[in-house]
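> the following comprises the amino acid sequence and a computationally predicted model.
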Amino acid sequence: MMQIVFIPGFMGNPHEFLTFADKLPAGAQIITPPGFGCSDAEVTFENVNDWLEEQLIGLKIKECVLYGYSMGGRIATHYVCTAQRPKIKVKGLILESSGIGIGDKDKRKERYKADKVWAERFSSEPMKEVVTDWYSQTVFADLTDEEKEKLISIRSLNNGPRMARTLLGLSSGKMPYLLTQLATLTIPVLYMHGSADEKYTALAGKLSDACPALTVKAIEGCGHNLHLRKPEIITEEITSFLEKLL
């Protein structure tokens with residue numbers, strides 16, 4: 001049976017994707033992201049492909065569709081675009097509000113510098129205070145107070161120093177810029193972004209122009225976290241994508 005493998009974003013909890021599992025026309029697996037729970041793995045873009053393959057092999061997966069949200073999308077994109085002699089056959093890629101690296105050298109440095117500031121806070125300050133400030137960023141402005149409170153409560157259970165290492169190791173400021181590689185992919189790619197998320201709406205336009213195998217879907221009334229705000233629509237989009245591969 002075809003498998004779809006979900007990779008959560010930064011501080012993500014695997015349980016947030018469980019609502020999709022029994023509604024899809026394929027088996028579903030969810031990978032525990034780096035640094036989550038008791039995981040002390042130090043993952044960077046130098047070893048993330050090996051890390052991901054270890055997770056997939058541990059789940060006995062030989063071929064799959066990868067679904068990545070935010071940082072999870074960066075992990076999935078990096079694997080599909082750069083893995084040498086991959087042990088897993090990826091038949092499709094679904095990205096939710098995910099970057100592909102930063103082409104401009106100065107902007108890449110700025111992003112890493114900003115992530116270092118956050119990492120220092122995650123390492124040294126009370127987790128709930130830092131997570132509360134994290135969700136005060138404009139990228140999460142569309143979330144309701146109730147949604148933010150729920151996320152803050154769950155994300156605050158993470159280990160701060162582990163989150164700091166993960167944030168720096170998988171920072172967009174350290175990720176190779178993969179537009180050229182994405183443009184040459186022959187597997188189908190679905191890129192979903194929120195209509196209210198200006199940053200990823202702009203990126204979606206660039207991807208649509210450059211990548212023949214990629215389909216863009218704007219989710220109305222959403223910012224960054226689509227699967228939280230519009231789970232029914234995301235389930236429909238995933239189902240439609242998978243049915244074309246079955």
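Yes, it's here. Numbering: from 1, shown residues only.

> what helices or strands is the helix or strand harbouring Glu236 leaning on?
When elements are assigned from DSSP states H and E, Glu236 belongs to helix 231-243. The contact analysis (3 or more Cβ pairs under 8 Å, 6 or more residues apart in numbering; DSSP states H and E) places helix 231-243 against helix 18-21, strand 63-69, strand 89-96, strand 189-194, strand 214-219, helix 226-229. C-beta here means a position set from N, CA and C on the backbone, and glycine is covered the same way.

> now for the second one, which elements pack on it?
If you count contacts as 3+ Cβ pairs under 8 Å, 6+ apart, strand 63-69 packs onto strand 3-7, helix 71-82, strand 89-96, helix 231-243.

> mean neighbour count and mean pLDDT for the ones you listed - can I get that in TSV?
Formatted as TSV, the helices and strands packed on strand 63-69 follow (neighbours: other Cβ atoms under 10 Å; pLDDT from 0 to 100):
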stretch	mean neighbour count	mean pLDDT
strand 3-7	24	95
helix 71-82	24	97
strand 89-96	22	97
helix 231-243	17	95
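
> and of the ones you listed, who's closest to Phe20?
When those are compared by Cβ to Cβ, helix 231-243 sits nearest Phe20, at 5.7 Å.

> dump the closest one to CSV, restricted to CA.
C-alpha atoms of helix 231-243 as CSV (Å, rounded to 0.1, in the frame of the first residue of the first chain):
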residue,chain,number,x,y,z
PRO,A,231,-8.0,20.4,8.2
GLU,A,232,-10.9,19.4,6.0
ILE,A,233,-9.6,21.2,3.0
ILE,A,234,-6.1,19.9,3.6
THR,A,235,-7.4,16.4,3.8
GLU,A,236,-9.3,16.9,0.5
GLU,A,237,-6.1,18.2,-1.2
ILE,A,238,-4.0,15.3,0.1
THR,A,239,-6.6,12.8,-1.0
SER,A,240,-6.8,14.3,-4.5
PHE,A,241,-3.0,14.3,-4.8
LEU,A,242,-2.7,10.6,-3.6
GLU,A,243,-5.5,9.4,-5.9
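
> rewinding a little: weakest of the helices and strands packed on helix 231-243 in terms of mean pLDDT?
Mean pLDDT is lowest for helix 18-21 among those, at a mean of 80.

> following element in sequence after it, please.
Next element after helix 18-21 (DSSP H and E): strand 27-30.

> and the angle for the helix holding Glu236 with strand 214-219?
160 degrees (axes from the mean of the first three to the mean of the last three Cα atoms, to 10 degrees).

> and the contacts of helix 231-243?
With Cβ atoms under 8 Å, 6 or more residues apart in numbering as the contact definition, helix 231-243 has outside contacts at 2, 4, 19-20, 23-26, 65, 67, 92, 94, 96, 188, 190, 192, 217, 219, 226-227.
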